[in-house]
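Enquirer: the sequence isn't on hand, but the structure is:
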């Protein structure tokens, strides 16, 4: 399976890209099913760095559109799209369909790579007795973090765009430990952002202790008393989306945008700036 797609729709330096602060948004956009509303919010948010999970590519449910590319074009940003799963029930005319993570930036994105977790749930795998129909969501691939270097004017920022397993606590914990082990390799003076859909409440143990050992802080832990996703047929609302940071920049104004209904998750935002 192809790993990465990149592109740029920046033609001239963006006067809105601030040098003294970096505004960040993370959002599981539920495939991009409500694309116009998604773009409307992201335009208003005026973010410098956007991390999207569950963006479709060539899937029937989103009219075979390249969701990451269309959002990047509408916002005039650089983008990288990482392939998480091939969606076997979403093919059209024999062409494969995918979904994955997309990172968009007003600054250059360098040296992007995928950390595909070693331990994966077998729930999504195709089996001979399960029809390849949309309700059964048979997939090839695996959960991952999309990692990129953001070339800021005065420093490089390393960003992890994360989507952890939704089925199986043991698998999800293993993926979190692998993610944190990768993050731990960066020196304390390197600015790091780890954000996305963790499918877990990171205010609970053992996640809190493991995250603390890496030097990551959780700006949303003190303020989140509301869920970050909407209830579904099988699950209730939970606090599962987060932005974690470490490095010399300070996180300000963490916000949950729970009035935005363009997805089954709500966007989160914050601003990084010097103290």
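Expert: Now that the structure is in, tell me what you want to look at. The structure displayed is predicted, hence computed values, not measured ones.

Enquirer: now do residue 257, the pLDDT please.
Expert: The per-residue pLDDT reported for residue 257 equals 96.

Enquirer: what is residue 56 paired to in the beta sheet?
Expert: With DSSP bridges as the criterion, the beta-bridge partners of residue 56 are residue 99.

Enquirer: so who does it touch?
Expert: Listed by CB atoms under 8 Å, 6 or more residues apart in numbering, the contact set of residue 56 reads 31, 32, 62, 65, 67, 87, 90, 97, 98, 99. Just so you know, the C-beta spots here come from the backbone N, C-alpha and C atoms, and that holds for glycine as well.

Enquirer: kindly report the same for residue 229.
Expert: Each residue near residue 229 by CB under 8 Å, 6+ apart is listed here: 28, 237, 238, 240, 241, 264, 265, 266.

Enquirer: what packs against the helix or strand bottoming out on mean pLDDT in the chain?
Expert: Within the chain, confidence by mean pLDDT, DSSP states H and E is lowest for strand 139-141 among all helices and strands, at a mean of 84. Taking 3 or more CB pairs under 8 Å, 6 or more residues apart in numbering; DSSP states H and E as the contact definition, the neighbouring helices and strands of strand 139-141 are strand 78-87.

Enquirer: what pairs with the strand it packs on, and is each one parallel or antiparallel?
Expert: Here, using DSSP bridges, strand 78-87 pairs with strand 4-8 (antiparallel), strand 98-105 (antiparallel), strand 139-141 (antiparallel).

Enquirer: let's have those in a markdown table, adding mean neighbour count and distance to residue 225.
Expert: Formatted as a markdown table, the entries for the strands paired with strand 78-87 read as follows, by neighbours: other CB atoms under 10 Å; distance: least, CB to CB, whole Å:
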| stretch | mean neighbour count | distance to residue 225 |
| --- | --- | --- |
| strand 4-8 | 16 | 37 |
| strand 98-105 | 28 | 27 |
| strand 139-141 | 17 | 34 |
